[in-house]
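Undergrad: No sequence on hand, only this structure:
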RNA sequence: GCCAGUGUAGCUCAGAGGUAGAGCAGCUGAUUUGUAAUCAGCUGGUCGGGGGUUCGACUCCCUCCACUGGCUCCA
């Protein structure tokens, strides 16, 4: 007999060799029907596998992350089975579960798959699912595995096998499809009821651009049709928050083919918003001892030869600017740091003036690949809220911590709670992409790791995400569709001070090399505002929103009174406009709601007579159930100003 | 840059080998209005650019550009 411990601490005895599914059945048939996979001593395993030692057991259903992942991974196998049935000769790469669904990378030879083929594949998958095929696990020797895939002619699986040890190899079979797979899987295909293929994409084999591009098919499945429906509705809702859509509707920014791809143009309302963010940070930086500077948008090529940017990115950048003078070459500024290094180095520096913090809202230009451009979040010309801190090695930690605190403060002030602080380190083995000595890199990496530990910042570690001159601490935030973007960044750099031969005279009267911190709390104004827009669905925090109030006269007889109200509010730094159109009040309210103006002040006969305003708060959006919820009744102007000020703090 | 898709009026979209349509927006007029769309009339498009096939192309083919979703990249 074996002792099985359940998550609630309960212990029950079973015969050795009992499967998790049997155990589930012993508890209730309802559970047995729902359970997808088991967690045995912390390891996720097939339900059918016998348990032969004392163990802790968790029975995972659709409600758990691991349950969903297993279900989706099994769905990927079902997709593969369907593809093999419909397109014989298809070769298979990998087919994992992802955050929402799964994909399979396949090589279909000459066949070019498009979304038009989806219906047919989905139908096939459903047909196969209804056969209730078991997912059966089989341990195979490496030799047998190689033989199987050699006969099948699947070179991708053979390549995957190369990386596996004999004795460690398992096959899973459901229906007519057998796959090399570690598992685990759900018991059978019966529970896969709702299937939707989402998109096709090219994906390089093993993520390597130099290798074959395979066809990646994304899909998602659910146990109930309603779940799929809800999922699709959720995506639709998310698309309404897309900053590209809202940016157009709210007239924040635009693009023009004539100006060029990836070059955002800020409209008046967007500029107002952006300026407010800039002013906020500028003020904060002054408080914290930063000195604003301004540097030009182009610089001599020599500057970037010194910094290393020319060697690293020159060929893939906007190409050099020639002048009438032969041999004279300028580049559009891709980064501000070389300029700031020049500022540091323009005269001898004493340890007494360190840390030196110089800040610039610096606009930079990078030739991002055409397929990469994306609204405001990936552009070719953007403004970094950049600063460079030059300090002694002793000051590094406290400066670093100060910068992290500023960044988290800014994020909080903007209403971002769900960000990840990611330590971006070098590639674990390939060191060819970086400049600088091993020793300096280690120093920089340790500095980041130690400092974040010290302030108790929760971090994740990602390899192969460092800048070419140093490691980074990146603040990652997700957009409406769950895509992750880097906003704020803090980077410790020992390399550029070397390349620019920066020095300070220490207390010992000897020259020393400063350490440099690059940092940008927003990251770039463009990306930040893009992601911010999606987070608040266009309803920006009151203090930064372009128009805070709209004054809506019931008819033009009350225009004078309305304008008087506007003037009075302006005296209290409350900004807005009067809607003097000859429209009904319902119309004015609707238009104002769509513009996401936080407050509507309605004035008519009654208000004029009493010297008051009727206040309506912006509703929850264009939804029926949110309508009519915002009426706050009547106030005096002074009451409204007090209420408003209190909201802003 | 690569794979797949899209491109019709300012916006959202319909249409289609015989020369383009709706709603909203805009303009004009009427309406003076009480918490999410007042009514009427009018204007508006070399159907993304270029090339080809055809008696005829917005429609079919090629190519370029832009955009969308991924991949790779991201100082």
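TA: Now that the structure is in, tell me what you want to look at. The shown structure was predicted, so the numbers you read here are calculated from the model rather than taken from an experiment. Residues are numbered from 1 along each chain as shown, chains lettered A, B, ... in the order given.
Undergrad: Next, give phi and psi for residue A:474.
TA: For residue A:474, the backbone dihedrals (degrees, to the nearest 10) come out as phi -110, psi 140.
Undergrad: how about the strands in the stretch 401-550 of chain A?
TA: A:419-424, A:459-462, A:472-478, A:484-493, A:504-505, A:511-512, A:515-520, A:549-553 (DSSP state E, counting those that start in this stretch).
Undergrad: do the same with the stretch 101-250 of chain A
TA: Going by DSSP E, counting those that start in this stretch, the stretch 101-250 of chain A shows strands at A:101-107, A:136-140, A:169-174, A:177-180, A:194-204, A:213-222.
Undergrad: Okay, the residue minimising distance to the centre of chain A and RNA strand B: tell me how far apart.
TA: Central residue of chain A (Cα atoms, centre = their mean): residue A:484, 1.4 Å from the mean position. Counting by Cβ to the nearest atom of the strand, to the nearest Å, the gap from residue A:484 to RNA strand B is 9 Å. C-beta here means a position set from N, CA and C on the backbone, and glycine is covered the same way.
Undergrad: Pretty sure residue A:528 sits against residue A:487.
TA: Yes. Under the criterion of Cβ atoms under 8 Å, residue A:528 makes contact with residue A:487 at 5.7 Å.
Undergrad: what's the angle between the longest helix that chain A contains and strand A:194-204?
TA: Counting residues, the longest helix in chain A under DSSP state H turns out to be helix A:65-86. Per axes from the mean of the first three to the mean of the last three Cα atoms, to 10 degrees, the angle that helix A:65-86 makes with strand A:194-204 is 80 degrees.
Undergrad: tell me which residues in helix A:65-86 are buried?
TA: Under the neighbour-count criterion of 16 or more other Cβ atoms under 10 Å, helix A:65-86 has A:66-85 buried.
Undergrad: swap in stretch A:595-608?
TA: Buried positions in stretch A:595-608, judged by neighbour count with 16+ other Cβ under 10 Å: A:595, A:596, A:597, A:598, A:599, A:600, A:601, A:602, A:603, A:604, A:607, A:608.
Undergrad: Can you give the contact residues for stretch A:352-360?
TA: With Cβ atoms under 8 Å, 6 or more residues apart in numbering as the test, stretch A:352-360 has contacts from A:282, A:285, A:288-295, A:336, A:339-340, A:343-344, A:349, A:385-392, A:395, A:399, A:504, A:514.
Undergrad: again, 6 Å this time
TA: Applying Cβ atoms under 6 Å, 6 or more residues apart in numbering, the external contacts of stretch A:352-360 come out as A:285, A:289-293, A:336, A:340, A:343, A:386-392, A:395, A:399.
Undergrad: ok, now stretch A:276-290?
TA: Taking Cβ under 6 Å, 6+ apart as the rule, stretch A:276-290 contacts A:357, A:359, A:361, A:385, A:387, A:544.
Undergrad: Around RNA strand B, pick out the residues from the stretch 301-450 of chain A.
TA: A:309, A:313, A:316-317, A:334-335, A:337, A:366-375, A:378, A:433 (Cβ under 7 Å from any atom of the strand).
Undergrad: out of those, which are buried?
TA: A:309, A:313, A:317, A:334, A:335, A:337, A:366, A:368, A:374, A:375, A:378.
Undergrad: Which of these fall in helices?
TA: Going by DSSP H, the helices hold A:309, A:313, A:337 from those.
Undergrad: got a list of what the last one touches?
TA: Residue A:337 is in contact with A:388, A:518, counting by Cβ under 6 Å, 6+ apart.
Undergrad: at 8 Å instead, please
TA: A:307, A:386, A:388, A:493, A:496, A:516, A:518.
Undergrad: Let me have these in a markdown table, extended by pLDDT and neighbour count.
TA: Output for the contacts of residue A:337, formatted as a markdown table (pLDDT from 0 to 100; neighbours: other Cβ atoms under 10 Å):
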| residue | pLDDT | neighbour count |
| --- | --- | --- |
| A:307 | 95 | 24 |
| A:386 | 98 | 27 |
| A:388 | 98 | 25 |
| A:493 | 94 | 23 |
| A:496 | 95 | 26 |
| A:516 | 96 | 28 |
| A:518 | 97 | 24 |
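Undergrad: Tell me the one of those residues nearest RNA strand B?
TA: residue A:518 (7.4 Å; Cβ to the nearest atom of the strand).
Undergrad: isn't that closest one right up against residue A:390?
TA: No. The criterion here is Cβ under 8 Å, and residue A:518 misses it with residue A:390 at 10.8 Å.
Undergrad: so residue A:476 touches residue A:418, yeah?
TA: No. Applying Cβ under 8 Å as the test, residue A:476 and residue A:418 come out as separate, 9.8 Å apart.
Undergrad: the more surrounded of the two?
TA: residue A:476 (19 against 9; other Cβ atoms under 10 Å).
Undergrad: Identify each buried residue in the host helix or strand of residue A:344, please.
TA: Element membership for residue A:344 (DSSP states H and E) is helix A:337-345. If you call a residue buried by 16+ other Cβ under 10 Å, then helix A:337-345 has these buried ones: A:337, A:338, A:339, A:340, A:341, A:342, A:343, A:344.
Undergrad: do stretch A:344-354 as well
TA: Result for stretch A:344-354 [16+ other Cβ under 10 Å]: buried residues A:344, A:349, A:351, A:354.
Undergrad: Out of the residues you listed, which is nearest to residue A:45?
TA: Distance ranking of the buried residues of stretch A:344-354 against residue A:45, using Cβ to Cβ, places residue A:354 first at 57.2 Å.
Undergrad: and the closest one, how far is that from RNA strand B?
TA: 23 Å.
Undergrad: Can you check the pLDDT for residue A:631?
TA: Predicted confidence (pLDDT) at residue A:631: the value is 87.
Undergrad: contacting residues around it?
TA: A:614, A:616.
Undergrad: Beta-bridge partners for it, please?
TA: residue A:616 (DSSP bridges).
Undergrad: what about the spatially closest residue to residue A:522 that is not a sequence neighbour, neighbour count?
TA: Nearest residue to residue A:522, sequence neighbours excluded (Cβ to Cβ, 6 or more residues apart in numbering): residue A:528, at 4.0 Å. Residue A:528 has 28 neighbouring residues, counting by other Cβ under 10 Å.
Undergrad: what's the answer for residue A:143, then?
TA: When neighbours are counted by other Cβ under 10 Å, residue A:143 comes out with 10.
Undergrad: any idea how far it is from RNA strand B?
TA: Counting by Cβ to the nearest atom of the strand, the gap from residue A:143 to RNA strand B is 31 Å.
Undergrad: And the helices in the stretch 501-649 of chain A?
TA: Taking DSSP state H, counting those that start in this stretch as the criterion, the stretch 501-649 of chain A contains helices spanning A:525-535, A:559-570, A:585-594, A:605-610, A:637-648.
Undergrad: Looking at these, which one is packed in the most?
TA: Ranked by average neighbour count under the criterion mean count of other Cβ atoms under 10 Å, the helices of the stretch 501-649 of chain A are headed by helix A:525-535 at a mean of 26.
Undergrad: What average pLDDT does that helix get?
TA: For helix A:525-535, the mean pLDDT works out to 97.
Undergrad: And for it, what's in contact with it?
TA: So helix A:525-535 is in contact with A:241-243, A:246-247, A:252, A:264, A:270, A:273-274, A:277-278, A:361, A:375-379, A:382-385, A:414-416, A:477, A:479-480, A:485-487, A:522, A:540, going by Cβ under 8 Å, 6+ apart.
Undergrad: May I see the strands of the stretch 401-550 of chain A organised as JSON lines, with distance to residue A:299 added?
TA: Shown next, in JSON lines, are these (distance: least, Cβ to Cβ, whole Å):
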{"stretch": "strand A:419-424", "distance to residue A:299": "26"}
{"stretch": "strand A:459-462", "distance to residue A:299": "31"}
{"stretch": "strand A:472-478", "distance to residue A:299": "23"}
{"stretch": "strand A:484-493", "distance to residue A:299": "19"}
{"stretch": "strand A:504-505", "distance to residue A:299": "24"}
{"stretch": "strand A:511-512", "distance to residue A:299": "26"}
{"stretch": "strand A:515-520", "distance to residue A:299": "17"}
{"stretch": "strand A:549-553", "distance to residue A:299": "45"}
